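Chemist: coords please:
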Amino acid sequence: MSDKIIFHQYEISPFSEKVRVIFGIKGIEWHAVDQPVIMPKPDLVCLTGGYRKIPVMQIGADIYCDSQIIVRELERRFPTTALPDGNGLGAAMGFWTDREVFQANVAITFGSIGEHVDESFKKDREALSGRSFNTDEMKQAVPIMLEQMRAHLAMLESQLADGRKFLLGDKPGLTDASAYYNIWFARAANPDGGDLFDTFKAVQAWELRVRNIGHGTRHEMSNEEAITIAKEATSTAYEQEDPHEPNGLKPGMAVQVMADDYGRDPIAGTLVSSSASHIAIKRTDERVGEVVVHFPRAGFWVLPG
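Modeler: Next up, the predicted model:
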């Protein structure tokens, strides 16, 4: 059975950068499997059952969708390098950076580079979000979103004002990775657009410290190898009923899981286990065999299958 950390990603993916920083903090050895930026993604959705967002982590026949559940699993598997905020406040802060800050970031970044954005990318993101991806409208929103981003950056600057190295103290954590990836993405997508960030000197110095953490030890892996590993492996997940499930979910029930914000493709399967923090479903695909797909509970809906 393979216990390799296989990470389905692409280089400019902001949420992949968040996890890559976590790999660096925890000193993890991992294998990058590059996926397309836009659909189709046949070598990914055969593993996930239709979930198309990036990143996805694979360990054998266990598939982890969304950075929230990926970090949770990394914390479980690598307890000796536990993050100071891995499953508590750090996860809550992720909701702030993944939604409020990221949405402002998207408008600023794509509103600034709109003329360079490929039409196929726009159509893909419209299908993903279910709403218009109009870079002209984003350009009009840039002044307001700059005000919002400045306000968010000021919160970080204030937190760092006492000279601490990282947002929660001397050790980096999930909060750092979550706040950092937004700045990283804005600079990577629009190298000429960093003026706003550079006005916050404590943030600028902190950004350099987080960047210097690195990404752990990276190897490359092909899609074919990742799929073969899944097909030859057996999931380590086991059936477990949560007696506190508010709607009576039990192992063996047919369910569908979907994100509540965008990329709302329902993933159908048979429930294996659930808790306040996760839900795991079993499904079978001709190419990958039987796999168990894991999702976070916050930000995901579970519906009868």
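Chemist: Grab the most central residue of this protein for me.
Modeler: Ser67 (3.1 Å; C-alpha atoms, centre = their mean).
Chemist: wait, what's in contact with that one?
Modeler: Phe15, Lys18, Val19, Pro55, Gly94, Asp98 (C-beta atoms under 8 Å, 6 or more residues apart in numbering). The C-beta positions use only the backbone N, C-alpha and C, and glycine is treated the same way.
Chemist: burial count for the fifth one?
Modeler: Gly94 has 24 neighbours, counted by other C-beta atoms under 10 Å.
Chemist: Quickly find the element holding it.
Modeler: helix 89-95 (DSSP states H and E).
Chemist: packing partners for that helix?
Modeler: helix 67-77, helix 174-189 (3 or more C-beta pairs under 8 Å, 6 or more residues apart in numbering; DSSP states H and E).
Chemist: For stretch 152-161, give me every contacting residue.
Modeler: 100-101, 104, 167, 179, 196-197, 200-203, 205-206.
Chemist: just to revisit the earlier point, ok and the next helix-or-strand element following the helix holding Gly94 relative to helix 174-189, angle-wise?
Modeler: Where DSSP H and E defines the elements, the next helix or strand beyond helix 89-95 is helix 102-112. Going by axes from the mean of the first three to the mean of the last three C-alpha atoms, to 10 degrees, helix 102-112 is angled at 10 degrees with respect to helix 174-189.
Chemist: So what touches helix 102-112?
Modeler: Against helix 102-112 from outside (C-beta under 8 Å, 6+ apart): 14, 117, 133, 135, 138-142, 145-146, 148-149, 152, 182, 185-186, 189-190, 193.
Chemist: Would you show me how to pick out the buried ones of these in PyMOL?
Modeler: Paste this into PyMOL to select the buried members of the contacts of helix 102-112, with burial taken from 16 or more other C-beta atoms under 10 Å:
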select buried, resi 14+117+133+135+138+139+141+142+145+146+148+149+152+182+185+186+189+190
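Chemist: Tell me the spacing between Pro42 and Val288.
Modeler: Distance of Pro42 to Val288, computed by C-beta to C-beta, to the nearest Å: 11 Å.
Chemist: This completes my enquiry, with thanks.
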